[in-house]
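no sequence on this one, just coordinates:
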């Protein structure tokens, strides 16, 4: 049979890495999942793959990342400077970012870490923000670009070197520190949590409506299923006939035969269309039930809203099952969604 059925799955990927090599590996995994080219991943392939995405302007995949900077006041060199305190820095940051504050998480809290400011953003937001700050002549451009160049030299190594006259210490915040801060004060919302969902394309259309999250999913434009076979998400009414170990339909019944017949016809039409059309056109015949792998990244606030909305009796049964798994994962971290 050239058609296979699989169940919906949720695979937590942890917190977006703070260290560059692991961050690039995650971005590559997300990007190659879109093209189903995971077999091209090697121990050294992430750097060139991510730089290729950056050079082509395909920055959405770079959103599966998170750089959290902690900025503290440092001893002054004695030279005059425009900013000298964290509160002044905070005000200058808001002014300099302007509308781009929406693309970062800025946290200033006496409770969490007195005398420090935290600013978080994914790789895409930092790339675009540095351009924005540079074009605006902000004094923060030199400070932030130097820090990002130190911590992520592969991505930001091309930034223009400009010395900063601001006496602030910039520290890269690791994943465990981000999580500890979140547990102490949920308002900080610094870490980014990454999940991989294996679900049908109908459900991905609902998932991507949560626009505070970031998404990269298997692309039917570029993936040719002719030789791979067509994989569908198992409809609930076929669960009694499905073996979870072999991932095969085992029992025979009129219901099973009907589903197999439907799927085989659709796949046959798809293959016929591929003889005269590109995959991006032939995909028109593919069903909503087609399996799609989608990476979803977001902060605690975004995931909390996702669970609150989707783990509901009003939600579609399959997205509710996903939301329950996401809820269970956060429960395991000691983070309860009310």
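Looks like it came in fine. Here the structure is a predicted model, which is why all the values come from computation and not from measurement.

Only C-alpha atoms from now on, for both contacts and neighbour counts.
Will do.

Mind pulling up the pLDDT for the nearest residue to residue 238 once chain neighbours are set aside?
Closest residue to residue 238 in three dimensions, ignoring its sequence neighbours and counting by Cα to Cα, 6 or more residues apart in numbering: residue 256, at 6.9 Å. At residue 256 the predicted local confidence, pLDDT, stands at 95.

Next: residue 306.
Residue 306 is given a pLDDT of 98.

With residue 83 instead?
The predicted local distance difference test score for residue 83 is 62.

Residue 160 now?
At residue 160, the pLDDT recorded in the model is 65.

how many neighbours does residue 195 have?
As a burial measure, the neighbour count of residue 195 was computed by other Cα atoms under 10 Å and equals 18.

you'd agree it is up against residue 15?
No: proximity of residue 195 to residue 15 does not meet the contact threshold set by Cα atoms under 8 Å, at 9.2 Å.

if I pick the residue lying closest to residue 230 once chain neighbours are set aside, what's in contact with it?
Nearest residue to residue 230 in three dimensions, chain neighbours excluded: residue 3, at 4.9 Å (Cα to Cα, 6+ apart). For residue 3, the contacting residues are 229-232, 260, 263-264, 267, by Cα atoms under 8 Å, 6 or more residues apart in numbering.

Check the gap between residue 3 and residue 328 for me.
32 Å (Cα to Cα, to the nearest Å).

cool, residue 148 as well?
According to Cα to Cα, residue 148 and residue 328 sit 35 Å apart.

Same question for residue 109.
Residue 109 sits 29 Å away from residue 328 when distances are taken as Cα to Cα.

and if you look at residue 52?
Residue 52 sits 36 Å away from residue 328 when distances are taken as Cα to Cα.

So which of these two has more stuff around it?
Neighbour comparison, residue 52 and residue 328: the larger count goes to residue 328, with 15 against 12 (by other Cα under 10 Å).

Helices along the stretch 151-300 of the chain, start to end?
Along the stretch 151-300 of the chain, the stretches classed as helices by DSSP state H, counting those that start in this stretch are 153-156, 175-184, 201-207, 254-274, 279-282, 300-310.

ok, and what's touching the first one?
This points to helix 153-156. Residues outside helix 153-156 that contact it (Cα under 8 Å, 6+ apart) are 20, 47, 51, 127, 145, 148-149.

so how far is residue 238 from the residue nearest to residue 104 when sequence neighbours are not counted?
Excluding its sequence neighbours, the residue lying closest to residue 104 (Cα to Cα, 6+ apart) is residue 121, at 4.8 Å. Per Cα to Cα, residue 121 is found 43 Å from residue 238.

Name the residue in the two with the higher neighbour count.
Neighbour count, other Cα under 10 Å: between residue 121 and residue 238, residue 121 has more, with 24 against 15.

for the more buried one, what are its contacts?
The neighbours of residue 121, taking Cα under 8 Å, 6+ apart as the test, are 65-68, 103-105.

Take those residues and keep only those in strands.
Among the contacts of residue 121, the members falling in strands (DSSP state E) are 67-68, 105.

got those as a markdown table, with neighbour count and distance to residue 336 columns?
A markdown table is the format used below for those (neighbours: other Cα atoms under 10 Å; distance: Cα to Cα, whole Å):
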| residue | neighbour count | distance to residue 336 |
| --- | --- | --- |
| 67 | 28 | 25 |
| 68 | 23 | 23 |
| 105 | 17 | 21 |
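
Could you point out which of those is nearest to residue 225?
residue 67 (36.4 Å; Cα to Cα).

Report the contact partners of residue 27.
Taking Cα under 8 Å, 6+ apart, we find residue 27 in contact with 46, 50, 61-62, 64-65.

Make a markdown table from those residues and add distance to residue 177 to it.
What follows is these, written out as a markdown table (distance: Cα to Cα, whole Å):
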| residue | distance to residue 177 |
| --- | --- |
| 46 | 25 |
| 50 | 26 |
| 61 | 25 |
| 62 | 22 |
| 64 | 19 |
| 65 | 16 |
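
so which of those residues is the most crowded?
Neighbour-wise, the contacts of residue 27 (other Cα under 10 Å) top out at residue 64, 32 neighbours.

isn't residue 232 right up against residue 8?
No: counting by Cα under 8 Å, residue 8 is not a contact partner of residue 232; they are 9.8 Å apart.

Of those two, which one has the most company?
In this view residue 232 and residue 8 are compared by other Cα under 10 Å, and residue 232 has more residues nearby, 23 against 20.

per-residue pLDDT, the more buried one?
98.

and the gap between it and residue 291?
The spacing between residue 232 and residue 291, counted by Cα to Cα, is 5 Å.

Overlap in contacts, those two.
Common contacts of residue 232 and residue 291, defined by Cα under 8 Å, 6+ apart, comprise 6, 200.

Mind listing residues that contact stretch 310-324?
Around stretch 310-324, the neighbours that count as contacts under Cα under 8 Å, 6+ apart are 8-10, 197, 203, 207, 306-307, 309.

quick check, nearest of the residues you listed to residue 166?
Residue 166 lies nearest to residue 306 out of those, by Cα to Cα, at 40.1 Å.

From residue 211, how far off is the closest one?
Taking Cα to Cα as the criterion, residue 306 is separated from residue 211 by 10 Å.

I'm done for today, thanks for sticking with me.
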